[in-house]
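Colleague: got a predicted model here, sequence first, then my questions.
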Amino acid sequence: QLQLVESGGGLVQPGGSLRLSCGASGSTLSFYNIGWFRQAPGKEREGISAINADGITTYKDSVKGRFIISRDKVTIYLQMNDLKPEDTGIYYCAICPRHNWGAMREEDYFHWGQGTQVTVSS
C-alpha cells in the first residue's frame, strides 16, 4: 500500500527557512495530486499548499509569498521562508485522487504520512 513519508522539519527561529520533503518508498509520485497540511497545537489540520500532476499550485492565503511547493518525479517539496511562530505545527503530506485537489479539504486526501514537526521559536 502506498505510504507517504515526510521529512525536513525542525526548530527554526522566526524569519528562518526550512524545506520539507514528501516521498513514497518504492514509488514515483509523478501522477498524483499532492497536498501539504499543517496541524497546529490545539487546532484542526488545515491545507497549506497543493500541487497537481501538471505542476499547477495553490496556497493558503497566510503562506502566499513565503512558501513554495514544487515537485520532481519522486519527491514533493515545500520550501518555507520567513517562518513565523504561527507556522508551528506538524506538517503532513497526502494524495488527492480527485479533481478537486485545489480545495485542500482533508476528507479528499488519503495515504497520509506520519508528519514532521516544525517549530518556529526564538
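Modeller: Yep, that arrived. Numbering: from 1, shown residues only.

Colleague: please name the nearest non-neighbouring residue to R71.
Modeller: Closest residue to R71 apart from its sequence neighbours, by Cβ to Cβ, 6 or more residues apart in numbering: I51 at 5.6 Å. Any C-beta I mention is one placed from the backbone N, CA and C, and that applies to glycine too.

Colleague: can you get me a residue count around S49?
Modeller: By other Cβ atoms under 10 Å, the residues close to S49 number 25.

Colleague: residue contacts, the closest residue to F67 other than its chain neighbours?
Modeller: Distance criterion Cβ to Cβ, 6+ apart; nearest residue to F67, sequence neighbours excluded, is M80 at 5.1 Å. Contacts for M80 (Cβ atoms under 8 Å, 6 or more residues apart in numbering) come out as S17, L18, R19, L20, V63, R66, F67, D87, V118.

Colleague: redo that, cut-off 7 Å
Modeller: Neighbouring residues of M80 by Cβ atoms under 7 Å, 6 or more residues apart in numbering: S17, L18, L20, R66, F67, D87.

Colleague: tell me which residue is most central in the chain.
Modeller: Nearest to the geometric centre of the chain sits W36, at 2.2 Å (Cα atoms, centre = their mean).

Colleague: okay, and the beta partners of it?
Modeller: As for beta bridges, W36 partners with S49, C93 under DSSP bridges.
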